[in-house]
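Trainee: Just need the structure, nothing else, for what follows:
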Amino acid sequence: MENDQYYMHPSAIVEPGVSIGDGTRVWAFTHILPGVIIGSDCNICDHVFVETGVSIGNRVTIKCGIYLWEGVVIQDDVFLGPNVVFTNDKRPRSKQYPTEFLQTVIKQGASIGANSTILPGISIGRYAMVGAGTVVTRNVPDYGLVFGNPGRLVGWVCRCGERIDASSDHSSLQCSCGLYYSISSDGVIEE
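Mentor: Here you go, the predicted model:
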């Protein structure tokens, strides 16, 4: 089904009260609850569920089989690989609901690999990369490269996605794409 703003597959369900930006595509068997805000030029693939209170920025790609629960904030230019799992309750019990869910924020340009699990209350930094199958149990810094179970910071990536070699003693590093980065006094990469 096409309208003036976005494309919605005939089998998708978009409840009343959802805000969807221009150029966004919502594919088969996706269900979006009231109160969700979705930016422009997003691609929301098959079998995605988006709960009330979720915010999705512009130019976001959400691959198949992802459930976004209340408290999840996805900023602009984020990539979520197939079957990424988000949780929003640290101590889940049947019929016992928290009064407020912890906010999980995926910051601008971050990429999360297929089948990763993101625990509640986590912040994944700008342009960070989470490897496939990673269980993220703590915050990830900007440009951080994390993988494993539990997820461990193993390096740094450029905004283009290439790994940055931070093993040298130089305070300034250049990616093969031409962007420069520096290492702060606490060992964090900065653009």
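Trainee: which intervals of this protein have sub-threshold pLDDT?
Mentor: Residue ranges of the chain with pLDDT under 70: 1-4, 167-170, 185-188.
Trainee: So in it, which strand runs the longest?
Mentor: strand 152-157 (DSSP state E).
Trainee: buried sites along it?
Mentor: 153, 155-157 (16 or more other CB atoms under 10 Å). The C-beta positions use only the backbone N, C-alpha and C, and glycine is treated the same way.
Trainee: Can you tell me the strand partners of it and which way each runs?
Mentor: Its sheet considered, strand 152-157 pairs with strand 144-147 (antiparallel), strand 163-164 (antiparallel) by DSSP bridges.
Trainee: Output that strand as PDB - backbone C-alpha positions only.
Mentor: Extracted in PDB, the C-alpha atoms of strand 152-157 (Å, rounded to 0.1, in the frame of the first residue of the first chain):
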ATOM      1  CA  ARG A 152      34.200  -6.900  25.000                       C
ATOM      2  CA  LEU A 153      35.800  -3.800  23.500                       C
ATOM      3  CA  VAL A 154      38.400  -5.200  21.100                       C
ATOM      4  CA  GLY A 155      39.200  -2.200  19.000                       C
ATOM      5  CA  TRP A 156      37.900   0.900  17.100                       C
ATOM      6  CA  VAL A 157      36.200   1.500  13.800                       C
END
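Trainee: who touches it?
Mentor: 127-129, 140-141, 143-148, 163-164, 166, 181, 189 (CB atoms under 8 Å, 6 or more residues apart in numbering).
Trainee: wait, which of the strands paired with strand 152-157 is closest to residue 108?
Mentor: Shortest distance between residue 108 and the strands paired with strand 152-157, using CB to CB, is found for strand 144-147: 13.8 Å.
Trainee: how far out from the middle of the chain is that closest one?
Mentor: How far strand 144-147 lies from its chain's middle: 14 Å, per CA atoms, centre = their mean, to the nearest Å.
Trainee: For it, give me every contacting residue.
Mentor: Identification of contacts with strand 144-147 by CB under 8 Å, 6+ apart yields 113, 125, 128-134, 136, 140, 152-157, 163, 189.
Trainee: Let's see that with 10 Å instead.
Mentor: By CB atoms under 10 Å, 6 or more residues apart in numbering, the list of residues contacting strand 144-147 from outside reads 110, 112-113, 116, 124-136, 138-140, 151-157, 163-164, 188-189.
Trainee: Name only those of those that count as buried.
Mentor: Counted by 16+ other CB under 10 Å, the contacts of strand 144-147 give 110, 112-113, 116, 124-131, 133-136, 140, 151, 153, 155-157, 164, 188-189 as buried.
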